[in-house]
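>>> Fold the stuff below for me.
(chains A and B)
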Amino acid sequence: MSPEKSPFHPDGRRSTGADVGLGAVTFAACFVILAMLGLVLGTAFVGGAATLSWDFLSKAPEQGMTAGGIFPAIFGTAALTLLMTVVAVPAGVATAVYLNEYAPQASRTARLVRVCIANLAGVPSIVFGLFGLGFFVSTIGRGIDQIAFAGHPTYGKPAMLWAALTLAVLTLPVVVVASEEALRAVPRELRDGSLALGATKLATIVRVVLPEATPGILTASILAVSRGAGEVAPILFTGAVYFLPYLPTKLNDPFMNLGYHVYVLATQSPDVDRTKPLLYGTVLVLLGLTFVLNLLAITLRARMRRRLAAFA
Amino acid sequence: MNAAQAHRAASAEQAEMGEKSPFLARPRLGERAAELLIQAVALVAVAAVLLIIVFVGREALPVLTSAEVHREVTPQAMLLPRSVGGESVFAWQPVSELPTFNVVPLFVGSLKVTLIALFFAVPLSVLGAIYVAEYAGRVARELIKPAIELLAGVPSVVVGFLALVVLAGWTQHAFGTEHRLNALVAGIGLAFAICPVVFSVSEDALRAVPASYRAAALALGSSRSQVLLGVVVPAASPGIAAAIALGFGRAIGETMIVVLASGNAALLDAGVGRSTRTITATIAQELGEVVFGSPHYHVLFALGALLFLCTFAANFAGERIVAGMRRRMGVSG
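Purely as a prediction, here's the structure:
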């Protein structure tokens, strides 16, 4: 309950010095946190705006990463997150449908799934990287090579597919949590109405509940894409490379990536002064991408919540 | 009432109370198959957690069990100091002529950076949460909360970059730190990443304090600051503790910020202004170059497994506290 709506709010009573002081200190703290966001955005924009050009966005790196553009990194990031989304969104939405539509309230299975989702959300991203290497690349990938390619390393090496699957596991909790909120926001009356007309449960979910929840599921997907596009630690060992002379077209190709590009340019550049503009430019593109996606998701969700409040 | 009637009444009651409504169309085969499929997909999350434990654990286990690994490194050597010329040395030097894998400097480094991050992030976030929960008007709240969510959405590699190019210069200028990249810079960078977490969990906790608590304190003649500091914040303190636990878990597991900002020298000391190497940064920088299946490779996975346990414990503690608080305050969702 917010204080200004409370009937007990001490309006009309004189504020003490401590009241005013506490208000000022807490406001200042809030301001500092917001200033952090401002600093991030400001630094990237001021440093990167001059680099941004059509050539920068559409060309490949040249002269040992000191000139040219970042198109392969943009392409790699887009392909990676697309592939990740294709896996994470259906799986996440199905999980949310199970939790919200099928599982009985006190179901053990549902509780177990929820606990695991919460745990998955807390696993450090570098551990996902280890998992991707140990499971997808070394176990599944090599297994495929043994069976289908006579042991010739085809899938048993870091590649787009494995990085995308690793990221899909990492973003699964994001999709589930946001999709569940969307499903909860669908009014019960719509389900009852559909069932009363003789529709089966599955038909109700597919034709009534999911269409109603589409904006929320879209929000979930955007949040996942934004998260996946910015992660670097999980792809360090599962397929990202700092230079690739061709665009990745097959599932077992390695790929360039915006975040990884920033990491490599910032730490392993042979000529810091010449790469600096490129570095700032890449940071601006990556930050701009995730920022716009997050803004979109927050706006969509706010609209959804307003509608829900109108129903209630 | 005869036995048959009683039985019929009882089964009608059962049908009403059970999950299966008598008004639902009879489930068809397709319906049942779809339900099973959806349930199977939901179990992917469970499988993922198990697979992470199994496959990270599998690569970490040789550190404890393999004689081949023990020829180069034993669990004791990873934890206990080595005596060099009468001095006890804790050294992480995996690629030297005589490799040593002492993890103590890395643990101290992770802990140091995490504590610095909490030192900055906790007061800021908790005070900021008090402002938003207790002082801010509706409009201010609806602007501040999404902005903090946007901060949470900034990729950590971008924050690390910012720490590297901006914060490092500032802190060196302000504090005259010994190394340009150090634990302090990394800690401040991490604070950017964990402020949103600590803020939002604290804010939820503050808002979950029932209005009756405030009313009672005000009725007793308390001023606003007395109500906040004497009643609301103490009532929300389990939630704030949970926020700190979750922030800890997030900070100790964060990788890209510390890789870029901490300097990455595995020095064992408490110096805030000195270069520091964390567990996460060590894995990130070394795993790409190790020989597959070598002792070094297994030690890095063992570090990952320990990290997983640390964050698991922190998150588990945080979630238990939040759940307990929700029950006590009678708040759901």
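>>> Which part of the stretch 51-200 of chain B gets nearest to chain A, residue-wise?
Among the residues of the stretch 51-200 of chain B, B:Pro155 lies nearest to chain A; the distance is 2.8 Å by CB to the nearest CB. (Each C-beta comes from the backbone N, C-alpha and C, glycine too.)
>>> which residue packs closest to A:Phe45, ignoring adjacent ones?
With CB to CB, 6 or more residues apart in numbering or on different chains as the criterion, A:Phe45 has its nearest non-adjacent residue at 6.4 Å, and that residue is A:Leu284.
>>> returning to that earlier point: verify the contact between the residue of the stretch 51-200 of chain B closest to chain A and A:Gly230 for me.
Yes - counting by CB atoms under 8 Å, A:Gly230 is a contact partner of B:Pro155 at 2.8 Å.
>>> shared neighbours, the two?
Jointly contacting B:Pro155 and A:Gly230 under the rule CB atoms under 8 Å, 6 or more residues apart in numbering or on different chains are A:Gly259, A:Leu286, A:Thr290.
>>> Distance of the first one relative to chain B?
As defined by CB to the nearest CB, to the nearest Å, A:Gly259 lies at a distance of 5 Å from chain B.
>>> For the helix or strand containing that residue, what is the distance to the chain centroid?
Under the criterion of DSSP states H and E, A:Gly259 resides in helix A:258-268. How far helix A:258-268 lies from its chain's middle: 19 Å, per CA atoms, centre = their mean, to the nearest Å.
>>> Now do it: which elements does it pack against?
In terms of contacts (3 or more CB pairs under 8 Å, 6 or more residues apart in numbering or on different chains; DSSP states H and E), helix A:258-268 is packed against helix A:71-97, helix A:210-230, helix A:272-311, helix B:156-162, helix B:256-261.
>>> Mean neighbour count, these: which tops it?
Greatest average neighbour count among the helices and strands packed on helix A:258-268 goes to helix B:256-261 (a mean of 32), per mean count of other CB atoms under 10 Å in any protein chain shown.
>>> Dump that helix to PDB, keeping only the CA atoms.
Output of helix B:256-261 as PDB, limited to C-alpha atoms (Å, rounded to 0.1, in the frame of the first residue of the first chain):
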ATOM      1  CA  MET B 256      32.400 -10.400 -17.700                       C
ATOM      2  CA  ILE B 257      32.600  -7.400 -15.400                       C
ATOM      3  CA  VAL B 258      35.400  -8.900 -13.300                       C
ATOM      4  CA  VAL B 259      37.300 -10.200 -16.300                       C
ATOM      5  CA  LEU B 260      37.400  -6.700 -17.800                       C
ATOM      6  CA  ALA B 261      37.900  -4.700 -14.600                       C
END
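>>> So which residues make contact with that helix?
Here helix B:256-261 has contacts from A:232-233, A:259, A:263, A:266-267, B:113, B:155-157, B:159-161, B:163-164, B:167-168, B:181, B:185-186, B:189-190, B:192-193, B:276, B:278, B:280-281, B:284-285, using CB under 8 Å, 6+ apart.
>>> Quick check: B:Ile52 touching A:Gly122?
No - B:Ile52 is beyond contact range of A:Gly122, at 11.4 Å (criterion: CB under 8 Å).
>>> If you count surrounding residues, which of these two has more?
B:Ile52 (24 against 19; other CB atoms under 10 Å in any protein chain shown).
>>> shaky segments in the chain?
By default, I'm working from chain A. Applying pLDDT under 70 to chain A flags the ranges A:1-14, A:311-312.
>>> oops, chain B please
Looking at chain B by pLDDT under 70, you get B:1-27, B:330-333.
>>> center of it - which residue?
Closest to where the C-alpha atoms of chain B average out (CA atoms, centre = their mean) is B:Gly249, at 2.5 Å.
>>> residue contacts, it?
By CB under 8 Å, 6+ apart, the contact list for B:Gly249 reads A:Gly122, B:Cys310, B:Thr311, B:Ala314, B:Asn315, B:Gly318.
>>> Mind doing that once more with 10 Å?
B:Gly249 makes contact with A:122-124, B:114, B:194, B:197, B:310-318, according to CB atoms under 10 Å, 6 or more residues apart in numbering or on different chains.
>>> Pull the helix holding A:Gly259 out as CSV, backbone CA atoms only.
C-alpha atoms of helix A:258-268 as CSV (Å, rounded to 0.1, in the frame of the first residue of the first chain):
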residue,chain,number,x,y,z
LEU,A,258,28.7,-8.5,-30.5
GLY,A,259,29.4,-9.1,-26.8
TYR,A,260,32.3,-11.4,-27.5
HIS,A,261,33.6,-8.8,-29.9
VAL,A,262,33.6,-6.2,-27.2
TYR,A,263,35.4,-8.6,-24.9
VAL,A,264,38.1,-9.4,-27.4
LEU,A,265,38.6,-5.9,-28.6
ALA,A,266,38.8,-4.6,-25.0
THR,A,267,41.3,-7.3,-23.8
GLN,A,268,43.4,-8.6,-26.7
